[in-house]
Each structure stands twice: as structure tokens, then as C-alpha cells.
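Asks: what's the 3D shape of this:
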Amino acid sequence: MIIEKLRQLRIVGSVVVMPDFFVDRIIRLESREKLCSMLEEKAKFGGGSIRGIPTSDIKGGNAVNVAYTLAKLGVKVTLFTVADEIGAAMLRQVFSKFGDKVALRISNGRQGFTTSFEFPSENGNANVMISDIGDNANFGPDRISSPEDMAILKNADAAMVVNWASNLKGTELAEQAFKSSPSGFHFIDPADIDTRRQDFLDSLKRLSGVTDCLSINENECNSISNALGTGPLLGTSYSQDEVKAAAKKIAEKIGISTDLHTRMGAAWSNGKETEFAHAIKVEPKILTGAGDVWDAADILGYLAGMDPGERLLFANACASLYVRDISAEPPAMNKVFELIERIQ
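Replies: As a prediction, the model looks like this:
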């Protein structure tokens with residue numbers, strides 16, 4: 001049924017994604033302790049180079065990653081973002097292979113830059129990111145206000161606002177994007193909101209009437225539950241039932257259907273019903289961007305009319321194919337079909 005529903009999916013306008021663009025440098029470490037030791041050793045001598053650590057530079061930002069994944073899955077996408085001349089040239093080159101499947105609406109400004117440290121941790125693998133946000137911090141409604149922008153939003157099948165946490169105008173942006181796309185599905189993923197968790201909770205009250213789905217991971221779940229005053233809902237280890245209960249509690253409290261993706265699996269709840277799908281076990285080669293791939297697949301599941309269990313399975317399958325690929329390349333739809341046929 002999943003494959004058949006995806007084959008029947010027709011995008012009339014486009015899936016609109018906004019707003020952030022970062023250039024990501026990924027640094028893979030054997031352990032965080034080894035890095036700290038090397039830093040301390042160099043500091044004793046007033047500095048110097050630490051050599052021999054694998055790094056890679058890739059296009060990044062939640063919005064760019066989601067848009068790229070959607071395009072790779074064969075969907076028509078419009079990306080609203082910000083970049084300088086060099087960043088804009090990078091985006092045009094990255095998305096050029098998709099032809100007219102992707103429309104780039106690039107505002108002039110400075111893209112962000114992120115350094116992501118990936119290393120083993122006691123709960124699996126971890127990635128810690130250090131970011132210069134650039135002009136992603138002030139991407140407001142004025143950047144999606146032209147007549148052409150309004151026409152794109154009016155015809156959108158879905159509007160996705162991601163990385164609210166990095167954007168001080170994120171609430172206003174989401175409100176305009178969602179109200180300007182009356183027939184679209186409205187999806188928000190806030191990213192790491194811990195330092196702004198109360199602000200985000202207040203924003204959800206304002207956006208609840210125009211938002212169809214809140215997508216979060218376990219850290220964001222705990223940030224929201226702390227803001228609600230209930231304390232963290234998920235500890236360092238948790239069960240399937242606890243993930244389902246956490247999704248239900250959040251959805252019930254905020255009045256928005258919630259998709260919660262974690263390392264053990266993903267849950268959906270509308271505050272009454274819940275559904276869960278186990279993660280597909282793989283040896284991860286990369287972590288940065290996995291949540292963006294999951295979100296892209298999740299929105300496609302909604303647009304294709306999948307039931308919650310089907311949608312969560314599809315999103316988990318896409319994410320699993322991504323994390324096992326060291327090149328950080330999202331899967332094409334035929335690869336997802338092959339995996340789903342094997343595991344169903």
C-alpha cells in the first residue's frame with residue numbers, strides 16, 4: 001500500500017520549504033575525549049595544527065536538506081532561503097540536476113556556517129554542532145512577500161517551516177507562510193529549541209490553528225515538556241510505550257498532531273490515538289541531516305494519504321538509507337521501494 005500510494009501521488013503546485021541555508025563542515029572523531037586531549041596538548045604550547053582528522057564540507061541547513069531530499073524523491077519543490085553570491089552559486093549548482101523540479105527563491109544575505117562534530121557516545125553516536133547563524137536569524141515575512149511569492153504559496157500543496165530555533169522571526173514567518181497557503185498541509189520542525197523553549201511553546205499557542213503537524217526529536221520533546229512544567233518525558237533510555245506516551249502528551253497539551261522521531265523508532269499522536277514504527281537497524285555512517293531526510297519523507301507520507309503507521313515506516317526507511325551512506329546522499333525513491341519490499 002505504501003508504494004502504491006506514493007506512485008499515485010500528484011503534486012499540483014509544489015512543496016514549499018523555508019528558510020535556512022548553512023554550509024556544513026562535518027568532523028568525524030574517534031571519541032570526544034581524544035579531541036579534548038589534543039586541544040589541551042596544543043594549548044600548552046600556545047596553539048598549532050591538529051592533523052589527520054577526517055572532514056567533509058557539504059550543503060546544509062534544515063530547509064536546504066529537506067528540499068534536496070524531496071527533489072531526490074521526485075517531488076516538485078520551492079525553496080525560500082538566504083545566501084550571498086557564493087552561497088547562491090553553490091545552491092544553484094547543487095540543485096541544477098533536478099531541473100525545473102526545484103525553484104530557488106534566494107534572498108540576498110549571509111548564509112550560516114556549521115561545524116558538526118560526530119563521535120561515539122554511550123547511547124550510540126552523537127553529533128554536536130557549532131553554528132554561525134548568519135542572516136537565517138532574521139528571515140521574516142518580508143522575505144516571502146512579493147506577488148510571485150504569494151502566488152507560489154497560494155498554490156502550494158504543503159508549506160514547511162524548519163529550524164524555528166535559529167530564526168528570531170520564525171513565528172511570524174510560519175504564520176504568514178501557513179495563512180498564505182490555505183489549501184496546503186502545514187508542517188513545522190523547530191530544531192534545537194532548548195534555549196528558547198518557553199518562547200516556542202508560546203508560539204505554538206499562536207500557530208496551533210494553522211499548523212497540521214509538529215515534528216520533533218527526543219531532545220526537542222524534552223524541551224517542550226520542560227516548558228510545559230511536566231519535566232523530561234524521555235530519559236537516556238526509553239521504551240516504545242514511553243515514546244508513544246510522550247508524543248500523545250505533547251499533542252494533547254499543544255493541540256497539534258505530533259510526530260516524534262527517536263533513535264529507537266517514531267511515534268505519531270493527535271492527543272487521543274497513537275501509532276509507533278520501529279527504526280530500521282543499520283550501522284550509521286553519518287548523522288548530520290538524518291532528521292531532515294525523515295521530515296521530507298514524513299511530509300510525503302501525509303500528502304500521499306498514508307495512515308500513520310505507513311507514514312512512520314516510510315520515513316524511517318528513508319532515514320535509514322541516508323545514515324548508512326557515508327556520502328550523505330538521500331535515497332532515490334526506487335531505493336526506498338526496494339527496502340520497503342524487503343521489510344514489509
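
Asks: Do I have it right that Asn136 meets Phe21?
Replies: Yes. Asn136 lies in contact with Phe21 (C-beta atoms under 8 Å); the separation is 7.0 Å. In short, each C-beta sits where N, CA and C put it, glycine included.

Asks: of the two, who's got more company?
Replies: Neighbours were counted for Asn136 and for Phe21 using other C-beta atoms under 10 Å; Phe21 has more, 33 against 27.

Asks: now the helices: where do they sit in the stretch 151-300 of the chain?
Replies: Under the criterion DSSP state H, counting those that start in this stretch, helices of the stretch 151-300 of the chain are mapped to 170-179, 197-207, 218-228, 240-254, 290-303.

Asks: pLDDT of the third one, averaged?
Replies: Model confidence over helix 218-228, given as mean pLDDT, is 96.

Asks: Any chance you could list what contacts it?
Replies: Here helix 218-228 makes contact (C-beta atoms under 8 Å, 6 or more residues apart in numbering) with 190-194, 197-198, 200-201, 216, 231-234, 238, 243, 246-247, 249-250, 253-254, 260, 262-263.

Asks: how about 6 Å then?
Replies: Helix 218-228 has contacts (C-beta atoms under 6 Å, 6 or more residues apart in numbering) with 193-194, 197-198, 201, 232-234, 246, 250, 253, 260, 262.

Asks: where's it relative to the chain centroid, distance-wise?
Replies: From the chain centre to the centre of helix 218-228 is a distance of 17 Å (C-alpha atoms, centre = their mean, to the nearest Å).

Asks: Could you list the alpha-carbon positions for that helix in CSV?
Replies: C-alpha atoms of helix 218-228 as CSV (Å, rounded to 0.1, in the frame of the first residue of the first chain):
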residue,chain,number,x,y,z
GLU,A,218,13.6,13.3,21.7
ASN,A,219,15.6,16.4,22.8
GLU,A,220,13.0,18.8,21.4
CYS,A,221,10.3,16.7,23.1
ASN,A,222,12.0,17.1,26.4
SER,A,223,12.5,20.9,25.8
ILE,A,224,8.7,21.3,25.2
SER,A,225,7.8,19.1,28.2
ASN,A,226,10.1,21.1,30.4
ALA,A,227,8.4,24.3,29.2
LEU,A,228,5.1,22.7,30.0
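
Asks: buried set for that helix?
Replies: Judged by neighbour count using 16 or more other C-beta atoms under 10 Å, the buried positions of helix 218-228 are 218, 220-228.

Asks: just the first one next, same as before
Replies: Residues of helix 170-179 classed as buried under the neighbour-count rule (16+ other C-beta under 10 Å) are 170-178.
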